[in-house]
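J.: My questions are about this predicted structure, shown below with the sequence.
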Amino acid sequence: MSLWPPASGQFSAAAPAWANFSSRVPDGAPATPMPADLQLGAGIDGVETTRRLTTGTGRAPRVLVLTTYDTDADITRAIEAGATGYLLKAERPEELFAAIHAAAQGRTALSGPVAGRVMASLRKPRPALTDRERDILAQLATGLGNREIARALFISEATVKTHLRRVYDKLGVDTRAGAVAVAKEQRLLP
């Protein structure tokens, strides 16, 4: 039986400690990398825990996400929350140790497949939406219907529908929910 790397949720008994952890790295002390899974068990989200650990006053610990989840959305959420690195549990032990050392020195650490996904997403051009399309998309994200969007933006409902069709085409979706999801994933919304 392998104890390392731990399976997702294996640290669930420690999850309450992670969720309530708020101490900072004392001034002058070396920052210690802290591993965190995306699923800590008992409904505790590793991304929110990462955010709590890396925000606030003082020097933040360096959180290394160590997980089996490698979707673009998971990677983006963890990095935006302040993770220093994102490692997959399938990495060889020497790769994990090298990543921990890199994080301790303040360097970013990414598993090879994760780095590849990040690079591919950065190379992919973002859709060029017009200002009006962005306005309509922002209203759509708040849950408004076409009529309410038209009233809020002082345009006709037919104009809203025309802009929505263009937004759908540019984002490669065919539903309102799909448009909002892609817009959030690609950070097209304020």
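T.: Received it, and whenever you're ready, just let me know what you need. Numbers count the residues shown, from 1 in each chain.
J.: Buried ones in stretch 168-179, by neighbour count?
T.: Burial within stretch 168-179, assessed by neighbour count using 16 or more other CB atoms under 10 Å, is assigned to 168, 170, 171, 173, 176, 179. Backbone N, C-alpha and C define where each C-beta goes, glycine included.
J.: so where does the last one fall, helix or strand?
T.: Under the assignment given by DSSP states H and E, the secondary-structure element containing residue 179 is helix 176-185.
J.: which secondary structure elements does that helix contact?
T.: Using 3 or more CB pairs under 8 Å, 6 or more residues apart in numbering; DSSP states H and E as the contact definition, the elements that helix 176-185 packs against are helix 72-80, helix 131-141, helix 157-171.
J.: At the geometric centre of the chain, which residue do we find?
T.: Within the chain, the residue whose C-alpha comes closest to the C-alpha centroid is residue 77; the distance, by CA atoms, centre = their mean, is 0.8 Å.
J.: OK, contacts around residue 78?
T.: Residues touching residue 78, when contacts are defined by CB atoms under 8 Å, 6 or more residues apart in numbering, comprise 38, 46, 47, 50, 65, 86.
J.: Number of residues surrounding the closest residue to residue 176 other than its chain neighbours?
T.: In space, and not counting its chain neighbours, residue 176 is closest to residue 140: 5.9 Å by CB to CB, 6 or more residues apart in numbering. Other residues within reach of residue 140 by the criterion other CB atoms under 10 Å amount to 23.
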